[in-house]
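**Student:** 3D model of this:
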Amino acid sequence: MGWRGTLGLALLVLAATTWAWLDIRSDLRHGKSFQELVSPRGTPPAEGVEKLLSFEPKEIRTIHLRRGSLTLQTTRADGSWTDTTRPDLLDDFLHNLLDLAVIMRFDVAPSDLSSHGLAPPRGEIDLIRDDGPPIELRLGDSNPPATGLYVQLGRSGRVVLTGALIQWEFEKAVNALTTDTSIKTPSPGDE
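**Tutor:** The predicted structure is shown next:
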């Protein structure tokens, strides 16, 4: 960069600094303290967020997972999960499912489920409760930017888009229930 480029960049920085100074000065004149202006703001409450699922993790008696021909199941016995050396991962799985939200709802005809990866589904989660109907999720494809996953609520229920974290959680639960070392837990950047 020559001297003209450096001069232009310096003038741009000077203009931005002047604008920021005038903006802060204006806020100070309107009764805000400097500490109030520079202190971090809290996260706004999640108003109007529709949760994907609603259940009490302790009421889940059985977790049933399917991915292709692989079928896994664990049952809660004496406060822990059977058939796993990592019951803590299954408790985390249930709690993390509760954090997922519905990003978008879709009206998908049964004949169009395959365009969302739901016929057949890429994975299935069935949570059997002590009392009440089972919770059934069918996992489909990722959305184009891979930030969410198409999920069908129930075997013939509505299709929604939820966070891609559900795929990570599903794989983590599968790994907690299998000793097959060829099944690896995905890294956050994996698809």
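**Student:** from here on, just use CA atoms for contacts and neighbour counts.
**Tutor:** OK.
**Student:** ok, which stretches of the protein are helices?
**Tutor:** 3-29, 34-38, 87-98, 165-176 (DSSP state H).
**Student:** can I get those in a markdown table with mean pLDDT, distance to residue 51 and mean neighbour count?
**Tutor:** Shown next, in a markdown table, are the helices of the chain (pLDDT from 0 to 100; distance: least, CA to CA, whole Å; neighbours: other CA atoms under 10 Å):
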| stretch | mean pLDDT | distance to residue 51 | mean neighbour count |
| --- | --- | --- | --- |
| helix 3-29 | 83 | 38 | 12 |
| helix 34-38 | 66 | 33 | 10 |
| helix 87-98 | 95 | 7 | 17 |
| helix 165-176 | 94 | 13 | 21 |
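**Student:** who touches the closest residue to residue 142 other than its chain neighbours in this structure?
**Tutor:** Leaving aside its chain neighbours, residue 142 sits nearest to residue 149 (4.3 Å; criterion: CA to CA, 6 or more residues apart in numbering). For residue 149, the contact set (CA atoms under 8 Å, 6 or more residues apart in numbering) comprises 139, 140, 141, 142, 143, 161, 162, 163, 164, 166, 167.
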